[in-house]
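**Student:** I'd like to go over a predicted model; first the sequence, then the structure.
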Amino acid sequence: TKQFTVREPSNVPQDCLLTTGIGYERGPLLQATMGYFMEQLPLCRAIRLSGSACWDNVMVATGRISGYWERRLKVWDYCAGSVIAQESGCRATRFDGRPVRLDDGAEDYIVAAPRVHDYMVRTWPHTSLPRRAADPSLALVGTVFVRPDHPNKINAAAIKKKKKKKKKKKKK
């Protein structure tokens, strides 16, 4: 069996690659998730959406992703992945830092490398509404949300510009 060891990013949050899930509920829960999402996006490297809580836990355990959070996550979604992540040295808790419980109906859940976890617990707004409005200058590329000014970004505007230049050359 392969054992994973958690890797801490050198600069938290600037070097963090985060991931989250967006559940089926709308209203205040979605607003809170997107509020934290939009607050953290300009500060971290990128935020991804995979669609699988278990997969996200394992990616955190392997060090490929720095941290994962999701609102109202069901125990069957995170339980197995959480064990793998904690065995690798990650912390898995509720948003306020308290331990997760298997007998709760749904959890507000964070799993991350220790320093990233501390940062996420400290910066979570602990309210049901976002603290900051969405910034329309942030770009969506597939399921990866990136800061427009980050050096490792996929720049959608630059890609469109290159395509236009190629079309112009072909027309000539």
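**Tutor:** Nice, thanks for sending it over.
**Student:** helices of this protein, residue ranges please.
**Tutor:** Residue ranges of the helices in the chain, as given by DSSP state H, are 28-40, 53-62, 75-87, 114-123, 156-171.
**Student:** next one, pLDDT for the spatially most central residue of the chain please.
**Tutor:** Centroid-nearest residue in the chain, with C-alpha atoms, centre = their mean: Thr19, separated by 2.1 Å. pLDDT for Thr19: 93.
**Student:** what sits against the residue lying closest to Asp56 once chain neighbours are set aside?
**Tutor:** Nearest-residue entry for Asp56: Tyr68, 4.2 Å, with adjacent residues in sequence omitted and distances by C-beta to C-beta, 6 or more residues apart in numbering. Just so you know, the C-beta spots here come from the backbone N, C-alpha and C atoms, and that holds for glycine as well. For Tyr68, the contacting residues are 18-21, 53, 56-57, 59-60, 109-112, by C-beta atoms under 8 Å, 6 or more residues apart in numbering.
**Student:** can you rerun that using 7 Å?
**Tutor:** Going by C-beta atoms under 7 Å, 6 or more residues apart in numbering, Tyr68 touches Thr19, Thr20, Asp56, Asn57, Val60, Val111, Ala112.
**Student:** excluding sequence neighbours, find me the nearest residue to Trp69.
**Tutor:** Using C-beta to C-beta, 6+ apart, the closest residue to Trp69 is Ile110 (4.7 Å).
**Student:** check Asp108 too.
**Tutor:** Phe95 (4.4 Å).
**Student:** now do the same contact list for the one you found.
**Tutor:** Counted by C-beta under 7 Å, 6+ apart, Phe95 has contacts Asp108, Ile110, Val121, Trp124, His126.
**Student:** export those residues to JSON lines and tack on distance to Met34 and pLDDT?
**Tutor:** Below are these laid out as JSON lines (distance: C-beta to C-beta, whole Å; pLDDT from 0 to 100):
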{"residue": "Asp108", "distance to Met34": "14", "pLDDT": "85"}
{"residue": "Ile110", "distance to Met34": "16", "pLDDT": "93"}
{"residue": "Val121", "distance to Met34": "19", "pLDDT": "91"}
{"residue": "Trp124", "distance to Met34": "13", "pLDDT": "81"}
{"residue": "His126", "distance to Met34": "16", "pLDDT": "57"}
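**Student:** now, of these, which are buried?
**Tutor:** Listed as buried from those are Asp108, Ile110, Val121, Trp124; burial here means 16 or more other C-beta atoms under 10 Å.
**Student:** show me which pair in those residues is furthest apart.
**Tutor:** Maximum pairwise distance in the buried ones among the contacts of Phe95, criterion C-beta to C-beta, is 10.9 Å, between Asp108 and Val121.
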